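Q: take this sequence and fold it.
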Amino acid sequence: MKKLFYAFAVCLAVISALSLVPFNASAAQDVWVNIPSCSDVNYSGTVSWNDPQPNAAGFAVNVKSPERSDWTEWGRGVERGVVVTGQPPYSVPIPGQLHYGDDSSLVLKPGLTYTVKVSYTLAGDIGSLNFTVPRCPTPTPTKTATPSPATTKTPTPSPKTSSVATTCIDDAKLIASNRTDVQAPDSPNNINLEPEQESQLTITATNTGATKWYDGNYYKLINLAPKNTLGPTYGHLPNAVDPSGQVNWTFKVLAPAEPGTYPIDLRMVHISGGEYLKPNGSKCTAPASDKPFGQGLSFNLIVTSPSPSPSMSVTPIANQSETSGGFMGWLSDNWLLVLLILAILAGLGTWLWFSKNKSSFSNLPPPPPPANPSMPG
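A: Have a look, this model is predicted:
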């Protein structure tokens, strides 16, 4: 009887020892972990196991992280196990419902090695397994062949262009010509027109900067004056203009109907949103707002009313009845004329009378000689 008891105790000890042997991935796969997705943030997966014993008391699935010394607990409180039904193998989510005693959750992190342990809630371990959470593979960069630059002959820039070749600088010079009212190539005088008359004006713009005027939507010749008297209203770039290149615009100068002085202030303007472009293809950041640049042209359009043509006007003599005072009023207004007429009439009468009596004056005897005065004794 005592021998039988010893034999039973030895068998029980062997069985208990075998139930506590850790399980690994190379064993009979009683416990295994599946992590199907790749993420550098966190991972989710399942832990599975075979059940060599009846599932009467449920299972406990716990994981130990290298970042903590304690194990997770399946569930909280009294229900610390998971009851699964059906035939093995069984699976539960990981981390899923796994929490620590302080109710913090387990989060699997890439690059760390964890230990998972599956056991009967009351009868001991089924097996355990160490598993490492993989990192997402780093994609291998594709090596792109760099094409060799074509050998081109670089033109020698002018001295002014070379002095600013390392920066993005817009610059321009404007010249006016072909004016129908006055010829003033460099410094235009004021334009003098009558209301609603027209004149012609040609502007030549030279690119004296280090950038290329590449688009008419971003480079324009604009009259910055408050009232635009030009037609068309601005100069649209007809083609790209490299440094030292030129472009011409012809405008009509339209005189308003109202006389006055109307300023004309012509400038090249770089419109916001358009990048600076160098002749070699490199670029600089676009200006945040419209930016006038270069030497401008400023003068006035002076609109004057036409001078009236001289004409002879006849002032009619008012009737006596229409004047104040009747005849006396007229005589008072024209007394000098009356005296002149009377003098002429008197002179004419005297001349006629003298002509008529001229013979009478010729028959008169000569006057006697004067008597000699007596000499005193």
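Q: show me what contacts the nearest residue to A257 once chain neighbours are set aside?
A: Nearest residue to A257 in three dimensions, chain neighbours excluded: P195, at 4.9 Å (Cβ to Cβ, 6 or more residues apart in numbering). C-beta here means a position set from N, CA and C on the backbone, and glycine is covered the same way. Shown in contact with P195 (Cβ atoms under 8 Å, 6 or more residues apart in numbering): 255-259, 303, 305.
Q: ok, of those residues, which come out buried?
A: Buried members of these, scored by 16 or more other Cβ atoms under 10 Å, are 255, 303.
Q: next, L340: secondary structure please.
A: Counting by DSSP: H, G, I helix; E, B strand; the rest coil, the backbone at L340 sits in helix.
Q: what is the burial count for it?
A: By other Cβ atoms under 10 Å, the residues close to L340 number 11.
Q: look at it and report its pLDDT.
A: What the model reports as pLDDT for L340 is 88.
Q: look up how far I264 lies from the residue nearest to A257.
A: For P195, the distance to I264 (Cβ to Cβ, to the nearest Å) stands at 17 Å.
Q: do the same with A257
A: 18 Å.
Q: next, the buried residues of the helix or strand hosting M328.
A: Secondary structure assignment for M328, by DSSP states H and E: helix 326-333. Buried residues in helix 326-333, counted by 16+ other Cβ under 10 Å: W330.
Q: go on, stretch 101-117?
A: Under 16+ other Cβ under 10 Å, the buried positions of stretch 101-117 are 106, 108-110, 114, 116-117.
Q: which parts of this protein are helices?
A: For the chain, the helices defined by DSSP state H occupy 2-19, 159-162, 326-333, 335-356, 358-362.
Q: helices and strands around the longest one, which ones?
A: Using 3 or more Cβ pairs under 8 Å, 6 or more residues apart in numbering; DSSP states H and E as the contact test, no helix or strand touches helix 335-356.
Q: any low-confidence regions in the protein?
A: 1-29, 36-43, 51-58, 74-87, 95-97, 121-123, 137-166, 178-188, 309-325, 358-377 (pLDDT under 70).
Q: need the longest strand for it.
A: Criterion DSSP state E: the longest strand present in the chain is strand 291-303.
Q: can you list the strands that that strand pairs with?
A: strand 191-193 (parallel), strand 260-270 (antiparallel) (DSSP bridges).
Q: any chance of JSON lines for these, columns mean neighbour count?
A: As requested, those are arranged in JSON lines below (neighbours: other Cβ atoms under 10 Å):
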{"stretch": "strand 191-193", "mean neighbour count": "20"}
{"stretch": "strand 260-270", "mean neighbour count": "19"}
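Q: for the contacts of P195, give me JSON lines that also has distance to V47.
A: Below are these laid out as JSON lines (distance: Cβ to Cβ, whole Å):
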{"residue": "A255", "distance to V47": "93"}
{"residue": "P256", "distance to V47": "90"}
{"residue": "A257", "distance to V47": "93"}
{"residue": "E258", "distance to V47": "93"}
{"residue": "P259", "distance to V47": "97"}
{"residue": "V303", "distance to V47": "94"}
{"residue": "S305", "distance to V47": "102"}
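Q: thank you kindly, that will do.
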